[in-house]
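K.L.:
just need the structure, nothing else, for what follows:
(chains A and B)
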Protein chains: 2
Amino acid sequence: MIKFTINKNAFQNALRITKQAIGSKVTIPALTKLKITVSDDGITLVGSNGQISIENFLPATDKDANMLISSTGSILLEAAFFESVVSQLPEVTLEFTEVGQKQVILNSGKYEITLKGLDSEIYPRIQDISKETSLKINVGLLKTIFSETVFAVSTQENRPIFTGVHLQVFPDKQFKAVATDSHRMSQRILNLEESNLEFDVILPSKSINSFKNVFANDEEDIEIFINTSQILFRNDTISYYSRLIEGSYPDTNRLIPKNEDYTLDLVFDVAELRHTMERARLLTMQTTNGTVKLTVSGNSVVTTANSPEVGSVHEEMTTIEKAGEDLVISFNPEYLIDALKVVKEPEVRIRFISSVRPFTLQPKNGEDSFVQLITPVRTN
Amino acid sequence: MIKFTINKNAFQNALRITKQAIGSKVTIPALTKLKITVSDDGITLVGSNGQISIENFLPATDKDANMLISSTGSILLEAAFFESVVSQLPEVTLEFTEVGQKQVILNSGKYEITLKGLDSEIYPRIQDISKETSLKINVGLLKTIFSETVFAVSTQENRPIFTGVHLQVFPDKQFKAVATDSHRMSQRILNLEESNLEFDVILPSKSINSFKNVFANDEEDIEIFINTSQILFRNDTISYYSRLIEGSYPDTNRLIPKNEDYTLDLVFDVAELRHTMERARLLTMQTTNGTVKLTVSGNSVVTTANSPEVGSVHEEMTTIEKAGEDLVISFNPEYLIDALKVVKEPEVRIRFISSVRPFTLQPKNGEDSFVQLITPVRTN
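P.N.:
The predicted structure is shown next:
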C-alpha cells in the first residue's frame, strides 16, 4: 500500500500537466480517474481521455519534490476532485497514505481528508509506440508552427481529416504543416537540421491545443515517435500520446497559385489592416452574408461594407507597396483577421488573381515558408 | 440636425457609464437604444432598461472632451453597436453628423460609418424626482455598505422584497442596510454626520451591482433623492435612477440574539477560517445536504464533513479566543465563506447559542455596527 510525502507545489504542477488529458466527458468511467503509480524510483501520474494520454514521471531524485517514498503501489483517484484538494492543502508538505480498501488519507498540517479510490487494474493500458526512430524538435518552434496553422482547421465533424493539422516530414528534412476548412488554408514549411524519421499524419486540433499546456519550456527539445494510429511527444519526464486522424489528406500544394498568375500585389501594415477589418466586422456581423468589399482602383484602396438595417462603412486604406491591376473582391473579414493574428512580422504581402480566385497572404519578408490562402465570396 | 466633434476617449467613457443601464433583454424596443441630446451646453446621453436609468451629461466646457458643437438636436442610436463602433475608431477625434432621415455619419480619420437612427420622440421619459430634500453621502462608503450586504439577498423571485437591500435612514441620522435570504443575514449600521432626509426603501440588488460601475470616484460625495417608487443617486454630471421594490421589509432587529443568550464565543483569523471552509467545501459540494460540522469540545475545535461516495474531511482549527460551552453545529460552508469575504478586519468573532439557533459573525473590533447571521442546518 502506497505511502509517501512530497512537496505540495511540485506535486500540484505534475497533476496540472497530467490533468490536461483528463476530461469529464468520457465514455469509459475509469478515464475520469488519475492513475498514481509509486515505485522506488518515483511517482508516475497517468491521465487519459481516450484521445490523448499523458504519463508524467516525478523522479525520487527531483530536488523540488522533496519526496520520501515509504511504500509502493498503484491506485486510481477521482482526478478533478483530487487536484482541487491538493491545490487547497494548507501546508507545503503533504503525506499520502493508502489505508486499505482502496482508501487514501491525505494529511497536510492539521487537515486530513480521506478519499475513496479504485483498483488501478481497471485502468486501460496506453498502447505502446516503437521507440526505434524519432524526430528531435524544439518545443517553441513546434508551438509556433501549431499556432500558425491550427486556427484554420474545420470545426465540421462530417469530414474528420479537416479537423486536424496535416504534418509531414519528407526525406529532404522538410517539415510541413497545413490546415484548411475549405474557406481558408494555412501552410508552414520548415527545414529541419536533422531527422531520421519520415511521416505523414493528421493530428487532431484538440491535441494541438493542449500541447502548449503540457510542454511549458519553449527552450527544450522533445522527441516525436509515430505509429499508424498514434503520435508520442516525449521529454525526460512527460510522455504525451495523441490519437491520429485516419484518412489521407489531399494535396494542398496545387491550391497555391503560381507567381505568374497574380495580377495584384499589395503590402499592408499588419496592425493597421487588422484594425480596419475589425471595424468593418462590427457591421458585417449584422449582415447575412458577412462580407466586406475591397475595391482597388488606381491609387485608391477602399474597404466597404453595407447592411440594409444598420448602415454602411467606408474606409480608405494605406498600402506600403502596390503593384498590379484594379480589382473588386468580397470576403469574410473574420478569415483575414484570423490570418493576420498569426503574422508576427510587421508587414504582410497579399496577392490577388481575380475576384473569384483565392488570394494569398505571406509575411512580407517570409519568402514561401509561410503561406495563407483565403477564398473570396461571390456577391452580385 | 446634430453636428459635433469630440475626443473619442471622453465620449467613450461617457458611453461606457450610460451603457450600464441598457440591457439587451428589454420589453420596450426603444430601450435598446441610446438617446443622444445635443444642446449648446453639451451632450446628454440617456440609457435605461426600465428598472434603472442613467442620464450622463458631458458639458461643452469639459477640457478632456475637446468638444465643438456646430448644431443641436436629439436622436436614438442602437446602443451596443454604437458603443463598439466608437471604441474601435482609428483616430483620437470623432465627428458626428446627422444627415437627415435620422441617419448619422461618424468620421474618424479615413474611416466613415453611416448609422441608421430613430426619432428621439419615441423614447420613454424618465419620471422626475423632487429635489427638495436630499442625503449627501460618500461614494466609497456607500460602495462598502452595499458590498457588505448585497451578497446576502435572495435570488428567489417569489418574495421580491428579499431580492433587494433594505436601506433606512432614521431621524437620529442612523443609516442602516440589511439583506437576507432567510438562510443568512447581513446588517450594517452607520452614523451619518448630517442628514435632512429620512427614508425606508428596498433597492434591487441589480441596481446595487451596477452602482459601482457608474460612480467610479470613491472620494466624491453624491446626493440621494427618493420618491415612492424611485431612488436617484446624483453627482455633477451623472443621474442614476433606480426603481425601488414595493412592499414592507420585516423587522430584522428581532433576529439578532441578545448578548446574554450566547453560550459560546470564538475568535478566528479570518483568512485561516476561510481556507478551512474552502477545503471543507470541496467535499460538501459532493454531498446532498452540503453541510460541514463544527465540533467544539474542551480545547478542541474541529471541522468535519463526510460524503459516503467521495470520502471525509477532518481539520483541527486554531482559535484566537475561546470562551463558553461545548457545541456541535452543522451549516453550509458557502454561507460562512461569503460572510468572511466581506470582513475586512483580520479577526472575526463568532458567537453561538445552540446547535439549532442562528450564530452571529462580527469583526472582532467592530462593535455592533456590522453583524452577520447564519442559520444552521439540522442533521441527524
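K.L.:
contacts for stretch A:310-322?
P.N.:
The contact list for stretch A:310-322, computed with CB atoms under 8 Å, 6 or more residues apart in numbering or on different chains, reads A:265-269, A:272-273, A:276, A:279-280, A:282-283, A:286-287, A:292, A:296, A:299-306, A:347, A:349, A:364, B:78, B:81, B:103, B:110-116. Just so you know, the C-beta spots here come from the backbone N, C-alpha and C atoms, and that holds for glycine as well.
K.L.:
for ChimeraX, what selects the buried ones among the residues you listed?
P.N.:
Typed into ChimeraX, the line below selects the buried ones among the contacts of stretch A:310-322, using 16 or more other CB atoms under 10 Å in any protein chain shown:
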select /A:265,266,267,268,269,272,273,276,279,280,282,283,286,292,296,301,303,304,305,306,347,349,364 /B:78,81,103,111,112,113,114,115,116
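K.L.:
which stretches of the stretch 51-200 of chain A form helices?
P.N.:
A:79-87, A:139-149 (DSSP state H, counting those that start in this stretch).
K.L.:
thought A:Asn66 was touching A:Ala10?
P.N.:
Yes. The criterion here is CB atoms under 8 Å, and A:Asn66 meets it with A:Ala10 at 7.3 Å.
K.L.:
name the surrounding residues that touch the biggest helix by length in chain A.
P.N.:
The helix that spans the most residues within chain A, counting by DSSP state H, is helix A:270-284. Applying CB under 8 Å, 6+ apart, the contact partners of helix A:270-284 are A:290-292, A:303, A:305-307, A:310-313, A:315, A:317-318, A:332-334, A:336-337, A:340-341, A:343, A:345-348, B:81, B:84-85, B:88-90, B:111, B:113.
K.L.:
what about the residues you listed, which are in strands?
P.N.:
If you go by DSSP state E, the contacts of helix A:270-284 have A:292, A:303, A:305-307, A:311-313, A:315, A:347-348, B:111, B:113 in strands.
K.L.:
please work out the average pLDDT along stretch A:188-203.
P.N.:
For stretch A:188-203, mean pLDDT rounds to 90.
K.L.:
quote the end-to-end distance of it.
P.N.:
Terminal residues of stretch A:188-203 are spaced 15 Å apart (CA to CA, to the nearest Å).
K.L.:
again with stretch A:294-303
P.N.:
By CA to CA, the extent of stretch A:294-303 from end to end equals 5 Å.
K.L.:
go on, stretch A:77-96?
P.N.:
Using CA to CA, the end-to-end distance of stretch A:77-96 comes to 12 Å.
K.L.:
so A:Ser70 makes contact with A:Ile6?
P.N.:
No. Taking contacts as CB under 8 Å, A:Ser70 lies outside contact range of A:Ile6: 11.5 Å.
K.L.:
those two: who's more crowded?
P.N.:
A:Ile6 (24 against 13; other CB atoms under 10 Å in any protein chain shown).
K.L.:
re earlier: nearest to A:Lys136, of the ones in strands among the contacts of helix A:270-284?
P.N.:
A:Val348 (31.9 Å; CB to CB).
K.L.:
neighbours around the closest one, how many?
P.N.:
A:Val348 has 23 nearby residues by other CB under 10 Å.
K.L.:
residue contacts, it?
P.N.:
Shown in contact with A:Val348 (CB under 8 Å, 6+ apart): A:267-268, A:270, A:273, A:340, A:361-364.
K.L.:
can you list those in a markdown table and add pLDDT?
P.N.:
What follows is the contacts of A:Val348, written out as a markdown table (pLDDT from 0 to 100):
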| residue | pLDDT |
| --- | --- |
| A:Val267 | 97 |
| A:Phe268 | 98 |
| A:Val270 | 97 |
| A:Leu273 | 98 |
| A:Leu340 | 98 |
| A:Leu361 | 97 |
| A:Gln362 | 97 |
| A:Pro363 | 95 |
| A:Lys364 | 92 |
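K.L.:
which members of the residues you listed occur in helices, if any?
P.N.:
Per DSSP H, helices hold the following members of those: A:270, A:273, A:340.
K.L.:
on that earlier part again, closest to chain B among the contacts of A:Val348?
P.N.:
Among the contacts of A:Val348, A:Leu273 lies closest to chain B (CB to the nearest CB), at 11.9 Å.
K.L.:
near chain B, which residues of chain A? Just list them.
P.N.:
Within chain A, the positions adjacent to chain B are A:78, A:81, A:84-85, A:88-90, A:103, A:110-116, A:275-276, A:278-279, A:282-283, A:286, A:309-318 by CB under 8 Å from any CB of the partner chain.
K.L.:
which residue packs closest to A:Ile226, ignoring adjacent ones?
P.N.:
Once flanking residues are discounted, A:Ile226 sits nearest to A:Phe199: 4.8 Å by CB to CB, 6 or more residues apart in numbering or on different chains.
K.L.:
distance of the one you found relative to chain B?
P.N.:
Taking CB to the nearest CB, to the nearest Å as the measure, A:Phe199 falls 44 Å from chain B.
K.L.:
test my guess that A:Tyr111 contacts A:Pro90.
P.N.:
Yes. With contact defined as CB under 8 Å, A:Tyr111 and A:Pro90 form a contacting pair (5.3 Å).
K.L.:
look up the closest residue to A:Thr93, ignoring the ones flanking it.
P.N.:
Distances taken as CB to CB, 6+ apart put A:Thr5 closest to A:Thr93, at 5.8 Å, once the chain neighbours are dropped.
K.L.:
what about that neighbour, neighbour count?
P.N.:
Other residues near A:Thr5 come to 18 when the count uses other CB under 10 Å.
K.L.:
equivalent analysis for A:Glu260, please.
P.N.:
By other CB under 10 Å, the residues close to A:Glu260 number 5.
K.L.:
what's the answer for A:Thr155, then?
P.N.:
By other CB under 10 Å, 8 other residues sit near A:Thr155.
K.L.:
quick check, it in contact with A:His183.
P.N.:
No. Counting by CB under 8 Å, A:Thr155 stays clear of A:His183, with 11.2 Å between them.
K.L.:
about what we covered before: B:Tyr123: which of the ones in strands among the contacts of helix A:270-284 is nearest?
P.N.:
Closest to B:Tyr123, out of all of those and judged by CB to CB, is A:Gly311, at 19.5 Å.
K.L.:
gap between the closest one and A:Gly23?
P.N.:
A:Gly311 sits 44 Å away from A:Gly23 when distances are taken as CB to CB, to the nearest Å.
K.L.:
and chain A, what are its domains?
P.N.:
Here the domain assignment for chain A is A:3-122, A:135-253, A:256-374, based on automatic domain parsing.
K.L.:
out of the ones you listed, which is closest to B:Asp326?
P.N.:
Smallest distance to B:Asp326 across the domains of chain A (CB to CB): 19.3 Å, for domain A:3-122.
K.L.:
are any of the contacts of helix A:270-284 buried, and which?
P.N.:
Going by neighbour count (16+ other CB under 10 Å), the contacts of helix A:270-284 have A:290-292, A:303, A:305-307, A:310-313, A:315, A:317, A:332-334, A:336-337, A:340, A:343, A:347-348, B:81, B:84-85, B:88-89, B:111, B:113 buried.
K.L.:
can you give me the end-to-end distance of stretch A:18-29?
P.N.:
Termini of stretch A:18-29 sit 17 Å apart (CA to CA).
K.L.:
mind checking how far A:Thr163 is from A:Gln51?
P.N.:
A:Thr163 sits 12 Å away from A:Gln51, taking CB to CB as the criterion.
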